[in-house]
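Enquirer: Predicted coordinates and the sequence they were generated for:
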Amino acid sequence: MLIDCKNVQKKYLSKTAVEDISIEIEKGKIYALLGPNGSGKTTWMKMVAGLSKPTSGYILFKGEPIGVKSKSKVAYMPTEPFYYNYMTVQDVGKYYQDFFADFDIQRYNSLIERMELNQKDKARNLSSGLAAKLKIAATLARKAELYMLDEPLNGIDIIAREKIITTILEGASEDASIIISSHLVDELEKVIDFAIFIKNGKVALQGEAERLREEKNASIVELYKSIYA
Ligand SMILES: Nc1ncnc2c1ncn2[C@@H]1O[C@H](COP(=O)(O)OP(=O)(O)OP(=O)(O)O)[C@@H](O)[C@H]1O
């Protein structure tokens with residue numbers, strides 16, 4: 001098992017962002033982390049990425065606590081951009097290369113080409129769709145064991161979404177696990193192995209997508225509607 005997360009809670013001074021989450025992430029599988037804004041998805045991913053610590057409960061990466069070792073194997077794409085606006089697409093690649101030992105510049109360059117971005121373009125001049133693609137390319141160019149993408153489809157128009165999803169699945173390292181947080185369920189339904197529904201800081205439902213569809217006699221989209229209606 002890649003990630004073993006047990007009874008994790010995250011409290012801020014006046015707010016409990018994650019109430020009680022237990023999730024197991026298997027190697028080489030694709031997960032949709034579903035839920036409306038404010039349900040706790042980002043808070044949970046940040047804890048798995050090692051950017052914040054649970055108030056209680058634990059998270060293990062391959063049986064060991066989250067730390068330097070796990071951080072070198074987990075590629076996390078936050079919703080906010082992580083590069084500077086004055087940088088060109090090429091600069092972003094170099095910047096990432098300095099940061100992450102597992103960053104593969106050749107893979108980055110081929111993803112950039114695939115995403116129809118130009119190396120010379122400045123980040124500040126990119127449309128929201130192209131900026132979203134740049135973030136995805138930089139994240140996927142790491143040879144990680146787990147990719148966690150927070151809302152990768154935001155800012156991407158409906159026509160381009162399927163292509164982006166295909167690029168994510170093909171661009172990630174083989175045998176890696178992928179967690180995609182989104183509220184755009186339609187686009188994810190076809191490609192995911194597992195679905196995790198988060199509601200008010202708790203797991204409302206989770207399981208293998210195929211099994212959930214059989215057991216509940218409903219699509220993941222229909223389940224989403226019934227859970228959050
Ligand atoms: N640093 C913080 N201090 C206080 N409250 C926080 C903090 N970070 C998150 N929260 C609160 O915790 C709850 C969960 O937030 P979180 O960002 O994890 O949700 P989310 O499911 O990722 O939604 P979104 O898609 O809007 O990011 C929200 O009510 C949010 O306001």
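Expert: Structure received. Since this is a predicted model, take the numbers as computed values, not measurements.
Enquirer: how far is stretch 221-229 from where the chain is centred?
Expert: On the basis of C-alpha atoms, centre = their mean, to the nearest Å, stretch 221-229 sits 21 Å off its chain's mean C-alpha point.
Enquirer: That one: which residues count as buried?
Expert: 223-224 (16 or more other C-beta atoms under 10 Å). No exception for glycine: its C-beta is placed from N, CA and C like everyone else's.
Enquirer: Residues contacting it, please?
Expert: For stretch 221-229, the external contacting residues (C-beta atoms under 8 Å, 6 or more residues apart in numbering) are 34-36, 185-186, 189, 195, 197, 199, 204-205, 212, 216, 218.
Enquirer: which residues in the chain form strands?
Expert: Remark: strands assigned in the chain by DSSP state E are 3-11, 16-25, 30-34, 56-61, 64-65, 74-77, 146-150, 177-182, 194-199, 202-208.
Enquirer: Test my guess that residue 69 contacts residue 60.
Expert: No: Residue 69 lies out of contact with residue 60 (C-beta atoms under 8 Å); the separation is 11.4 Å.
Enquirer: quick one: which of these two has more around it?
Expert: residue 60 (16 against 13; other C-beta atoms under 10 Å).
Enquirer: gap between the residue positioned nearest the centre of the chain and residue 172?
Expert: For the chain, the residue nearest the mean C-alpha position is residue 149 (1.9 Å; C-alpha atoms, centre = their mean). Plainly put, residue 149 is 10 Å away from residue 172 if you go by C-beta to C-beta, to the nearest Å.
Enquirer: The helix or strand of the chain with the lowest mean pLDDT - contacts with which helices or strands?
Expert: Here the helix or strand of the chain ranked lowest by mean pLDDT, DSSP states H and E is helix 158-171, holding a mean of 88. Here helix 158-171 touches helix 105-114, helix 128-140, strand 177-182, helix 185-189, going by 3 or more C-beta pairs under 8 Å, 6 or more residues apart in numbering; DSSP states H and E.
Enquirer: Please identify the deepest-packed of those.
Expert: strand 177-182 (a mean of 25; mean count of other C-beta atoms under 10 Å).
Enquirer: okay, that strand in CSV with CA atoms only?
Expert: Output of strand 177-182 as CSV, limited to C-alpha atoms (Å, rounded to 0.1, in the frame of the first residue of the first chain):
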residue,chain,number,x,y,z
SER,A,177,-0.8,6.3,-8.3
ILE,A,178,-2.7,9.4,-9.2
ILE,A,179,-5.2,11.3,-7.1
ILE,A,180,-7.3,13.9,-8.9
SER,A,181,-9.4,16.2,-6.8
SER,A,182,-12.3,17.7,-8.7
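Enquirer: Was I right to think residue 61 contacts residue 24?
Expert: No: between residue 61 and residue 24 there is no contact under C-beta under 8 Å: 11.9 Å.
Enquirer: interface residues of this protein facing the ligand?
Expert: Residues of the chain lying close to the ligand by C-beta under 6 Å from any ligand atom are 12, 15, 17, 35, 37-43.
Enquirer: For residue 121, state which of the residues you listed is nearest.
Expert: Closest approach to residue 121 among the residues of the chain next to the ligand (C-beta to C-beta): residue 42, at 27.7 Å.
Enquirer: can you pull the contacts of that closest one?
Expert: By C-beta under 8 Å, 6+ apart, the residues touching residue 42 are 78-79, 150, 181.
Enquirer: so where's the chain uncertain?
Expert: Within the chain, the set of residues satisfying pLDDT under 70 is empty.
Enquirer: What residues sit buried inside the least confident helix or strand of the chain?
Expert: For helix 158-171, by 16+ other C-beta under 10 Å, it's 160-161, 164-165, 167-168, 171.
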